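Pasting the sequence and the predicted model now:
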Amino acid sequence: MATTGGAGRPEKRKAITRAAMAVFGREGYVRASMDAIAAEAGVSKRTVYNHFADKETLFLSVALQNSAELTEKIRELMAKYLDRVVDLRQDLADFAVERALAVLSAGDHGALGRAIRAEVANIPADVLEAWLEAGPVASQRDLAEHFAALAGRGLLAVAEPELAAEQFTLLTFHGVAERSFWGALPVAEEEVERIAGAGVDAFLKIYGAQVP
């Protein structure tokens, strides 16, 4: 990732990245300008360019930060509910609900993700690939590893953990994401719980271990 200067002013860099996340989330990649980001950060445009060579570099930096922070939050939820399963159905449902709520309440992080999805044809291919790898792809990989571990303990019957992770997300999360337009509109927590619970039940009909 190419950046320029600014090594001695980390507080300026943080202000710029916070401002960029807000502006990119609000305006999208194409409409967002370095002038608007500088104004939002309360710095000069020259200062922005001292830290980031161009708009693509700044967007990549912000997109990767956005992905990494949300991915880490979801990783913590997996550890909380899937590392030490006591009640498989309940733990899966609780994880699904909290993951959905984390995305719905992501604020500027969610806005940036919506902007990326809305402008996917305009996002530089390398930026899009890096964002996917640091975010959605990483989360699915983590979930697949947890499902493989649960299968090893005899709690799930999973031959293809990656497919199971994809189907779990489709069943328990995408209904909430689509209904909320990826966090733009509120969804009642009771509805999130209903969708997650129904999805977990369907998932366990496919992948639940058969107890003799």
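Done, it's in.

residues making contact with the lowest-mean-pLDDT helix or strand in the chain?
The weakest-scoring helix or strand in the chain, judged by mean pLDDT, DSSP states H and E, is helix 108-118 (a mean of 85). With contacts defined as C-beta atoms under 8 Å, 6 or more residues apart in numbering, helix 108-118 is touched by 18, 21-22, 24-29, 62-63, 66, 69-70, 103-104, 106, 123, 128, 131, 135, 181-184. (C-beta placed from N, C-alpha, C; glycine too.)

Likewise for stretch 88-95?
For stretch 88-95, contacts defined as C-beta under 8 Å, 6+ apart pick out 77-78, 80-82, 85, 150, 155-156, 168, 172, 193, 196-197, 200-201, 203-204, 208.

buried sites along it?
For stretch 88-95, burial by neighbour count (16 or more other C-beta atoms under 10 Å) applies to Leu88, Asp91, Leu92, Ala93, Asp94, Phe95.

Counting only strands, which of those make the cut?
Secondary structure from DSSP state E places none of these in strands.

Include distance to Gly113 when you put these into JSON lines, please.
Shown next, in JSON lines, are the buried residues of stretch 88-95 (distance: C-beta to C-beta, whole Å):
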{"residue": "Leu88", "distance to Gly113": "30"}
{"residue": "Asp91", "distance to Gly113": "26"}
{"residue": "Leu92", "distance to Gly113": "24"}
{"residue": "Ala93", "distance to Gly113": "24"}
{"residue": "Asp94", "distance to Gly113": "23"}
{"residue": "Phe95", "distance to Gly113": "20"}
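
Looking at the residues you listed, spot the one nearest Ala39.
When those are compared for distance to Ala39 (C-beta to C-beta), Phe95 wins out at 40.5 Å.

Could you report the distance from the closest one to Arg89?
11 Å (C-beta to C-beta, to the nearest Å).

So which elements touch the helix or strand encompassing Val192?
Using DSSP states H and E, Val192 sits within helix 189-207. Counting contacts by 3 or more C-beta pairs under 8 Å, 6 or more residues apart in numbering; DSSP states H and E, helix 189-207 is packed against helix 88-104, helix 161-172, helix 174-179.

Need the winner for burial among those helices.
Sort the helices and strands packed on helix 189-207 by mean neighbour count, taking mean count of other C-beta atoms under 10 Å, and helix 88-104 sits at the top with a mean of 20.

pLDDT weak spots in the protein?
Along the chain, segments meeting pLDDT under 70 span 1-8, 211-212.

Mind doing that once more with 90?
For the chain, the stretches with pLDDT under 90 are 1-10, 63, 65-70, 103-118, 177-178, 180-186, 209-212.
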